[in-house]
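Engineer: sequence-free structure coming up:
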């Protein structure tokens, strides 16, 4: 809605003689001519959309990662309440940090310091999520299937990309690398690669539920390792290119002889990008071929607790035959043991949400 409103106001200014983007109505007592206006005012509206939007893309990937990582670490999510609170905090703080895109736009320097504070503040819930992911993995019985590898890869890119965000979020440091390839590297590691890793993790994890067949695990490993290596091969060198001063959005830099020595780095980045693109063909082939020729799957191949794996393999209207399952516990009771150290359900380290247990009934009566 904000971007649409800004676009409509801009169209009216350019085509119908209105003056929504005037920064000063009077200059030395004289009324400013209605034509023209301040691009900075438009930028504020644009980035008020632009920054929350990147979190809108990223937050679903973080949710998928939480689910996949808990299932494949065979552990409950560490600090579940803190994870939920951090998502809510990120969602709120994302609406008050838009000005860090505008540090060198001519914006008031005091306002820049305010946006620096709010931007660095968002590092706190982001760090909470990163540490909770790491501690979920700690001493877990890790099942390193492709979905789990992409989830771990998301944590890696989320941390490495987030560290450079501390530099870009500081109004003083940002002056040196603003609108350079440093920004491209930071942004695409955090929002682009991390979001894609979450997407891939979700596809590998829920593919058996969608198509009743398994994707080829070996092709999944090939897809992950080539993608992971090439992603860092593309964006890690970009940090150094950006610190050298190479601006983004330039078709070529032949007008700047000082950048000639960086041509080989650009070639290396391009090679990694092309290889990464080809690796996605492996995923596409694996996805399409597995729909028809994949190994038939059991109802709950990942030994997961959540309700979707209790639904029949056949796709039914309403998902379940008869009565909808009753939920008896939260979704992450993995490796749940009794006082004697034995699993609650003998022989399995998970307890589906729809299975009632005697101890649950006793606790309810108590």
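Structural biologist: Everything's here; your move. These numbers come from a predicted model, not from an experiment.

Engineer: quick one: the helices in the stretch 51-200 of the chain?
Structural biologist: Counting by DSSP state H, counting those that start in this stretch, the stretch 51-200 of the chain has helices at residues 80-93, 109-121, 123-137, 146-168, 171-177, 181-187, 194-211.

Engineer: mean pLDDT and mean neighbour count added to those, as JSON lines?
Structural biologist: (Each C-beta comes from the backbone N, C-alpha and C, glycine too.) Output for those, formatted as JSON lines (pLDDT from 0 to 100; neighbours: other C-beta atoms under 10 Å):
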{"stretch": "helix 80-93", "mean pLDDT": "92", "mean neighbour count": "16"}
{"stretch": "helix 109-121", "mean pLDDT": "93", "mean neighbour count": "15"}
{"stretch": "helix 123-137", "mean pLDDT": "94", "mean neighbour count": "18"}
{"stretch": "helix 146-168", "mean pLDDT": "95", "mean neighbour count": "22"}
{"stretch": "helix 171-177", "mean pLDDT": "92", "mean neighbour count": "16"}
{"stretch": "helix 181-187", "mean pLDDT": "95", "mean neighbour count": "23"}
{"stretch": "helix 194-211", "mean pLDDT": "95", "mean neighbour count": "22"}
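
Engineer: quick one, domains of this structure?
Structural biologist: Per the record, the chain has its domains at 39-296, 298-360, by automatic domain parsing.

Engineer: nearest spatial neighbour of residue 64, skipping sequence neighbours?
Structural biologist: residue 202 (4.3 Å; C-beta to C-beta, 6 or more residues apart in numbering).

Engineer: again, but for residue 299
Structural biologist: Leaving aside its chain neighbours, residue 299 sits nearest to residue 313 (5.4 Å; criterion: C-beta to C-beta, 6+ apart).

Engineer: in this structure that neighbour contacts residue 212, no?
Structural biologist: Yes. Counting by C-beta atoms under 8 Å, residue 313 touches residue 212, with 5.2 Å between them.

Engineer: in the protein, where is pLDDT below threshold?
Structural biologist: For the chain, the stretches flagged by pLDDT under 70 are 23-28, 31-36, 338-342, 358-366.

Engineer: what lies in contact with stretch 188-198?
Structural biologist: 54, 57-58, 60-62, 64-65, 150-151, 153-154, 157-158, 160-162, 164-165, 231, 235 (C-beta atoms under 8 Å, 6 or more residues apart in numbering).

Engineer: check the separation of the first and last residues in that stretch.
Structural biologist: The straight-line separation of the ends of stretch 188-198 (C-alpha to C-alpha, to the nearest Å) is 14 Å.
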